[in-house]
Structures are given as structure tokens and as C-alpha cells.
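>>> just a sequence and a predicted model for now, questions to come.
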Amino acid sequence: MRRRAGSLALVASLLAVPVAAQNPEPETRTALIEQEQTEKTTQLHPFEPGKVEKYLNWAETLLAAGEAWHPFFNNAYAGGGFTVGAGYNKFVSPYNTIDARGSITVTGYKRLEAEFIAPNLFKRQGMLSVIGGWREATQVGFYGFGTSNTVDDRANYGFKQPYGQAMLNLRPGRRNLLIRAGFEFTEWNQTPGSGTAPSVDEVYTPAALPGLGASVTYLHPQATVAFDSREVAGYARRGGFYGVTVHDFADRDNKYGFTQLDYEAVQHVPILREAWVLSFHGLVSTTGTKGGEVIPFFMLPSVGGGSSLRGFSSWRFRDRNSLLLQAEWRIMVNRFIDTAVFYDAGKVAAHTSDLNLDHLKNDYGIGIRLHGPLATPLRIDFAKSNEGFSIVWSASAIF
Amino acid sequence: MNTQSSALTRPHPSAARGRPSGGRRRVAAVGLVVGLSLAVVASVSTAGRRFYTDDPISREPESRDASGAGVEDIGLFYELTYNLFVTSRYLPSNTRARNINTIDEVPDSSWFTNRIGTTTITAADVERGPVAGPAPAPERWTIIREKSAGANPGFTAKDANGETWFLGFDPPSNPEGATAAVVVASKFFWALGYNQVEMFISTFDPQKVVIEPGATKKRPSGARTPFTQDDLNAVLEGVARNKDGTYRVAAGRLLPGKVIGSFRYSGTRPDDPNDIVPHEHRRDLRALRVFGAWTNLTDLKAGNTLDTLMTENGRGIVKHILQDVGSTFGMVNREHEWDIGWEHFYEGDATMRRLVSFGFALSPWQTVKYKEYPSIHRFEGERFDPRAWRPQTPTTPYMEMRGDDAFWAARRVMAFNDDLIRAAVHTGQYSDPAAERHLAHVLGQRRDTIGRVYLTAVNPISSPRLDPGGSLTFENPAVAGGFAKEPTAYRAVWSRFDNATGNTSPIGETRSTSTTEAGPRDLPSAPDSFLEVDLSAESAQFPSWQQPVRTFFRRTSAGWKLVGLERLPETLDGPAAASSKNPEPK
């Protein structure tokens, strides 16, 4: 536009001087055009982008480079509240990166970590992630075991935790079979809970609440076998994920060791040419004890929070086993925005035989998501349950 | 003096004739300045000729040396953002294209060469298209580097003869689709007049591939490192493979000259002295809205164009090329893009409609029926409406196109008879004859819809000829194409025209029920005398045909020569301007 205005100004200036002072009138159309071209030769200059273009080009370079400061919205532990954070991603080879990042929440949850990612191993069939970090949570909710408690039963606990993890994802033949194996080292150092609810050590005794006050060091190997036909997990409109994960939490002191099995299924069903997607998610977690060892309360499977039962507080229900069922009707608003109507149901139970569809806790709500073809950087869900209304802010897809 | 007109059509600046333009507010403000200047000039000027001796010109001169033009690229992120959120709200100036000559035609230029519709184009011409040299020799490919542009993966490679080519593959979901689309579309756009890359369907045999020792690939870190066998494998694993283990590729010959980036769809190159018409006012670029709709060329972004610096007659000339026309017919960037061609990547109205209705307010792309062939994908002609067609992002010329531009473009589309369409489609080398027939059939359907829509939207009287005896003949392509009934009458208003002053004096009026009518008896006969003849048609079906086409004839020794034709006024306002707005797809 600036250039057009410029060309009009040129015409104006040509007109503003007496005709006699201008070039003689050309005899032909061709000469007239050539006269204008000659005029332009006196004003040639290299292209200079405007401010907006410069800024957006800079942003594109930054995004394309992948080596830059970036926001980081993952908090230390679920339930920490609004999170701010930043990280710096640096390439250490043509494909491999190290990302150093940290975040803090309004409730004082802190997280500092560095992750090394090698995304192109074994001829693009494997991805290795190695993370080392430290985090602190100050007021994690514990409401008792099972689902018969109330929100008034809430007690809080905190922990400080150094952790290290290596995880290898393999896709043999770069197809739908996913094999994941990892090893984690974590040290759970409990601290009294802060916040408005009483601290767990004020409500329970160590005899009533296994693991209360304990500091536990876990060596945690895990393995997953799954069939994953989604294009990407961060934003999918079709395909599914069906997998089983086996965990072994080995306590260095042989007091709190246990095993866990997670069965997970996700299926996206596109309708009306993907303008609608019916998305379903099921997750069953079961635990098993090792001889003479107990499962500490803070490691029990749970439902509740922004990625499970969204109408309930984080960690709202805990027990030895859990069941989560979620359904979403996702509506494409445009290429960058989806809305969703959702329903969540779930429960926890002491025995796997009780993981049925009776007495499910449930919620429902609507959500809006900003997404690209590969990721969902913003998800806002408004959920309603019999315990109230929740707003979930998240920087990732729910499933 | 109309400040919006171009040197290709307007009188010399000393001529004070015409109206100031409307259009955008900023232009209006500049126009005010110009208008004030004009008032000063008018008081001192005498007059200026309307038509020059060489009118209508057939070639836009490139008289100055442009060898100083440098590389000018446009960022994808900027272009996408700007076009979706700024260009889409652009208020068209409703002014006439500025690179047309005085008879409403586009002269040849470094952008455009008149082919179909102006010269005889045979099926063989269409099949050959832009091809000037031999096909690639696929007996051996030597990879130089990866292909960095476009949705489909590929390489830059040398063939067995050492010539450099850009190779593109087909996605696994659409074998033959992408390679055929870019080859077939290059034939259409060449015939339509655009500079095109020489494209061929060829074969890539991984057993006959070598990686040049110096070949590199840009990595995510930005570093260029040696191209490896695994890089080759990575591409081949993601593309359609033939049963014999080879791959079908579209090979584009390396363009001659020095590539200096993309051309922009607005403004002019500030470093090219010959580029004096703002690109949004080039009819050849405005017409891409019609040609794009016909072929479903949805990816109109500047990044798919190229400017090359050539040397012609000792001068540097910037040549403008529609480089990648592969996003055509049913080809999309991603398999599951259903709204391509129906919506821009973002549209506020559609967004709001789906948001408040939870998606129950269905969009047309959700219900349109496709007869799908993998090699064609989603391309249909039943519900096609060129006015409602949408590229991925709008461009400024797309927004600026008005009825006379669309009419001009539609005549070229209509010049493709079924044989020519079939000839172009055949170059796609589809293995499924039904797919080939389907593509040709849909193109025929869409061609006819374009004719029905755009040839009737404005007064279609065309190609007027006045014989020495004063008998006037013309054509009505809307009627000839079967899109309209013969008007009840044609009306011609005859005037003498003073080329020096622009003054007219009436001669008379004639009427006819056919496209031939006898002129008044007292037509001037002196050499270099001029006639102005306003031609209109009375049609109950199309009231807009009452808006006369203004024509000008110059008396020469051989008789009367058409020197001027104005299908629409210089500036549109009121209903005529409003009618150029984009309707919603239905």
C-alpha cells in the first residue's frame, strides 16, 4: 500500500509542475510507458519490509530455528494453579536438543529441569528423552481413600523431589506399533501441606495413612506396548491409541514398593468430514503390592483434575485402582480453534472387581482449544460436577 | 484525469478527462492531493490525446535495465497472517485494471503472453505447453539437495544428462495425484498466458540414484550437513511407490536466469524500473481468481511464484513466473483438508456460525458430493460457484477483481473446448482412464459455470468491427455460449470523437436484433477521424447489459480500426461495485 501511495504521489508530483516543465508529450503509448519507466529508474531502491513484516519474519525465523526462549506452562504437579515459566531450547547436534526450563505457580509449586531429546535414533524409529530436575509442590490435596469422602475432608501435603528419567520410544518400521521403555529415579521428600486445608500430618497418623511422613526413593522401570494410529498425539481428529503400561516402583528401602498396570484406550471418530469428532478415552490403573510392602498414599492411582475428572479438584479420589472414562464431542470452528462438549466419569476402588460402572463420579462441560496440526497449546475447559464448577487451563490436549 | 488509470490506457497526463477514483480511504486521501494538483494543472493545460498512434499496444514495453534487481523474498508466516487478517478485509478500489491496453485486453509482458483466446491453440500446443527442451533422462538421478518448498517431498537432482531438475513425488494417499496435477495445471496456465516451469512426468528408480558427494540437507538446527542414504529413505518412505519399486515423479526443469525471490501480489518491485503497475491492478493477476476457481488452484501464495532476472537484448529483465501450480484440482496439503476451495484458512463469519451453532450450521464442504479417484481427489463441478470459490488465503488482486476482469478471464476459460481440456488432462498420464475422464468432465462443468456466471454478469458485447462502409458487427459470447437468450435488441449510440480534446458530438442511434447493424450514413471519412460508439443490449434476463460498452474507432486508410473499448467505467460505485463482493458458498 505504501508503494501504491508512493506511485500516486509520483503522479501528483508530475502534475504539480507546469506542463511545459515536464518531459515533452510522447508520440506513442509505448513512449509514454517508457517515460514512466525512466522516471522510476531515478527512484530504485532495494525492497525494505515494513515493521509488521520484519517482526513476523523474525518470529518465523525463531519458530523455524527451534533454538530459542519459549514459554513453559507445565507446573510441578497437578493442582498447582496458574503457572508461568520459560525455557531455552538449544540444538546440540543437527537433530538433538537440550531444553532447560522452569516454572512457578501462584501456590508456590516450582519446577526446574533440563531435557535432552534425541528424536531421530535408529533410522528415525526411536526417540530418546532424558530429563533431570527438581520440583516442589506445596499443597497437594488428599481427601481420604475411595469415593465416599467429601471436599471438606481435604488435607494437604507437600513434597520436594529431585528426579531423573530416561525414556526410549520405539516405532519399529515407523508404523503404528509403539514400544516405550523407561527408567526413573525419584526421591519423594514429604513436607507439611500449606494452604487453607489442614496438613495431612494434622489429620492422619502414620498408621492410618501409609507413607505419611516418609521419604521414599524409587527406582521405577516401566514399559509400554501400544498400537497408536493417531497422526500425532498432540492434536488428533482420527485414529486411536490402545496400550498397556507396566510399572515397577522399587523402593530402595523395600517399604513402599509396588507395581502398577495402566490400560489405556483412545479413539477419535470423525463425522461430517471431520467437522465433528467423537473422541473417547478410557484409562484403568491397577496396583499390586510386593510382599510386606505398602503403597504410600501419595502414589495411589487417582481421578480428578484438569486431565481426568475435570469438574473435580486434582487428586480428588484416590485408591488402589482407578477407572476413568471420557467422551468429547469436538467441533471444528476453524482450522485453529475447536470447541468441545464433554462428559467425564470415573471412580477409584480398593479392589479391581469394583472397577465397574456403578456409582461413577461424573462431570460435564464445554471447552475451547487453540491448536495447530501437531499440538494443542491452549485448552480451556469449563466443567460442572456435583462438587461445583471448575475452569481448566492447560497447554496440552486432554487425550 | 483519472489517477487510477495506467499509462497503458490513460491519456497523457496533460489531458484533463475522466473522474477521480473512489475506493479505499487512503487512496481517496491521496486522490484528494492528486485532485488538488490536477486543478492546478487543468488551469494551465490545453489538452491531451486519448489515443496514440500505436494504440492498442500489444506488448507492454520493458525499456529499462533491471539488472540491479535483488533478491526479495516474502516470509510464509507474514504472508499467511497478513492475507488472512488484513487482505481479507481489504476494500477493493473498484477501479479498472491498469495493465490493459485501450481495447480492454492485456498486452504481452514479462508477466503474461497472449495465447488461448487470441491465437489459434491446438491440442498439440496444449500438450506441449511450456516445454521447450527434452524430457529428463531418468536412467540415473544424482541428488544435489532436498526440495525445500511445497507440501510434497522431493529433491533437487541432476538427470543422466547432467541437467538439473526439481523432483516432486505423490503422497501415498493419492498416487499419481500430485505429479499429474502440477503437470496438467502447467499446461492450462501456460495456455492461459502465464510463464510456467517445464514439467514432465518421469520415473525415479532408487536403484539408479547416487548422492552427489557435496549434496547437503538443511537440518532442524539450521545446519547443512551431507545428504545421506537415510535422508533419501526418509523421503521415499513417505511417498507413493510403484509396484515395480520405482517412483513416479513430476520433474520441473531448472529455470533459466537468476532467481530473485517471489513476486508480491501488491505494489511493485522497488528495484525493477519496468514494474510500474501495482500488482493488485494487473488484470493477469486479478484473473487468477477465475482461473484459480476453474482449476481449484488454492495455494495462491506469493511463495509459489518466482521472479527471475533474465538478459534480453542486453538488458536485465525481471520475468514473473507462476512457479508451483500443483495445488490444483483435488490436491490438498493434507489428506483430511475438506474445506480447501470452499473457505480461506480463516473466515470470521464461518467461524462464528460454527461456534454458536456447535457445528450444526453445516458448511457446503461438509455436504458436497465428490466422485473420488485417488489420483484426482476431491474435485467437483455440480455445486461449483466461481464467485464463492476461496483460495487458502486471499490476495489483493483476488479482492480487486471486478466484472470486466472476470469477463476477460472467462472468455479465456471458455476458449478451452473439450478437446483442448482432454489434451491437457492427458498429459497427467493417469493410469485410470475413468479418472482422466472425470477430471476432464469436471473441468468442462466448471468451465461452463464460469461462462454462465461471468459472461452474463456484464454487458458481453465483444470484438466490435466496423467495416469501411459503416456496417458494425460484434459478438455476444454469452449468447454464443448458450448462457443467455438473444437480447430483444442491440442499441448503438454513435458520436464523433475528438481525440485531442475528448469532446464528442452525436451522430445518431441505431438498433438491431442481431449482432450486425448498419451505422448512420454520415459517418466521418477523413483520415484519423474518430468515432465513439456506445453498444448496449436490451435483455430482460440481464438488465446489466444496458450499461453500454464504449468503443472507439479510428479511421485509417484501410477503414475503421478499433482503438478503444471500455466494458465498465473506470471506477465502479453503487450496485455495480457491491455486486463484485464475494458471496458465501452454497
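Yes, it's here. Numbering: from 1, shown residues only, chains lettered A, B, ... in the order given.

>>> so who does the closest residue in space to A:Arg252 that isn't next to it in sequence touch?
Leaving aside its chain neighbours, A:Arg252 sits nearest to A:Thr217 (4.3 Å; criterion: C-beta to C-beta, 6 or more residues apart in numbering or on different chains). Bear in mind the C-beta positions are built from the backbone N, C-alpha and C, glycine included. By C-beta atoms under 8 Å, 6 or more residues apart in numbering or on different chains, A:Thr217 lies in contact with A:Phe185, A:Thr186, A:Glu187, A:Trp188, A:Asp251, A:Arg252, A:Asp253.

>>> whichever of those end up buried, select them in PyMOL.
The PyMOL command for the buried members of the contacts of A:Thr217 (criterion: 16 or more other C-beta atoms under 10 Å in any protein chain shown) is given here:
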select buried, chain A and resi 186+187+188+251
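
>>> of the contacts of A:Thr217, which is the nearest to B:Phe166?
Minimum distance to B:Phe166 across the contacts of A:Thr217 is 50.5 Å, recorded for A:Phe185 (C-beta to C-beta).

>>> pretty sure that closest one is in a helix, no?
No. Secondary structure of A:Phe185 (DSSP: H, G, I helix; E, B strand; the rest coil): strand, not part of a helix.

>>> what's the distance between the residue lying closest to B:Ser512 once chain neighbours are set aside and chain A?
Spatial nearest neighbour of B:Ser512, excluding adjacent residues (C-beta to C-beta, 6+ apart): B:Tyr490 at 5.0 Å. Using C-beta to the nearest C-beta, to the nearest Å, B:Tyr490 is found at 30 Å from chain A.

>>> list the contacts for B:Ala185?
Taking C-beta under 8 Å, 6+ apart as the test, what B:Ala185 contacts is B:Thr295, B:Leu297, B:Val325, B:Gly326, B:Thr328, B:Phe329.

>>> pLDDT below threshold where in chain B?
B:1-47, B:148-151, B:574-586 (pLDDT under 70).

>>> what residues go with each domain of it?
B:1-55, B:76-126+B:260-457, B:133-181+B:198-259, B:462-566 (automatic domain parsing).

>>> end-to-end on the last one?
In this case it means domain B:462-566. Using C-alpha to C-alpha, to the nearest Å, the end-to-end distance of domain B:462-566 comes out at 10 Å.

>>> make TSV out of the domains of chain B and add mean neighbour count.
Shown next, in TSV, are the domains of chain B (neighbours: other C-beta atoms under 10 Å in any protein chain shown):
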stretch	mean neighbour count
domain B:1-55	19
domain B:76-126+B:260-457	21
domain B:133-181+B:198-259	18
domain B:462-566	17
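
>>> in JSON lines, list these along with distance to A:Leu278.
As requested, those are exported to JSON lines (distance: least, C-beta to C-beta, whole Å):
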{"stretch": "domain B:1-55", "distance to A:Leu278": "46"}
{"stretch": "domain B:76-126+B:260-457", "distance to A:Leu278": "12"}
{"stretch": "domain B:133-181+B:198-259", "distance to A:Leu278": "23"}
{"stretch": "domain B:462-566", "distance to A:Leu278": "45"}
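
>>> circling back: closest to chain A among the contacts of B:Ala185?
B:Phe329 (18.1 Å; C-beta to the nearest C-beta).

>>> show me what contacts the closest one?
Residues near B:Phe329 by C-beta under 8 Å, 6+ apart: B:Ala181, B:Val184, B:Ala185, B:Thr295, B:Asn296, B:Ile376, B:His377, B:Phe379, B:Leu439, B:Val442.

>>> again, but for B:Ala69
B:Ile260, B:Arg269, B:Asp271, B:Asp272, B:Asp307, B:Leu309, B:Gly316, B:Val318.

>>> can you put the residues you listed in TSV and add secondary structure and distance to B:Thr81?
Putting the contacts of B:Ala69 into TSV (DSSP: H, G, I helix; E, B strand; the rest coil; distance: C-beta to C-beta, whole Å) gives the following:
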residue	secondary structure	distance to B:Thr81
B:Ile260	coil	24
B:Arg269	coil	22
B:Asp271	coil	25
B:Asp272	coil	26
B:Asp307	strand	22
B:Leu309	strand	29
B:Gly316	strand	33
B:Val318	strand	26
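
>>> could you pick out which of those residues are near chain A?
B:Arg269, B:Asp271, B:Asp272 (C-beta under 8 Å from any C-beta of the partner chain).

>>> closest to B:Phe51 among those?
Looking at these and their distance to B:Phe51, the nearest is B:Asp272, at 27.8 Å (C-beta to C-beta).

>>> so what's that closest one up against?
A:Leu44, B:Ala66, B:Ala69, B:Val318.

>>> so the second one sits against B:Pro270, correct?
No. Counting by C-beta atoms under 8 Å, B:Ala66 sits too far from B:Pro270 to count as a contact (11.4 Å).

>>> quick check: which element contains the closest residue to A:Thr376 other than its chain neighbours?
Using C-beta to C-beta, 6+ apart and skipping residues adjacent in sequence, the residue nearest A:Thr376 is A:Ala397, 4.1 Å away. Using DSSP states H and E, A:Ala397 sits in no helix or strand.

>>> what distance do you get for A:Ala397 to chain B?
With C-beta to the nearest C-beta as the criterion, A:Ala397 and chain B are 17 Å apart.

>>> re earlier: tell me the bridge partners for the residue nearest to B:Ser512.
Applying DSSP bridges to B:Tyr490 gives these bridge partners: B:Ser512, B:Ala537.

>>> where does the residue nearest to A:Ser215 when sequence neighbours are not counted sit, in terms of helix or strand?
Once flanking residues are discounted, A:Ser215 sits nearest to A:Asn189: 4.8 Å by C-beta to C-beta, 6+ apart. According to DSSP H and E, A:Asn189 maps onto strand A:177-192.
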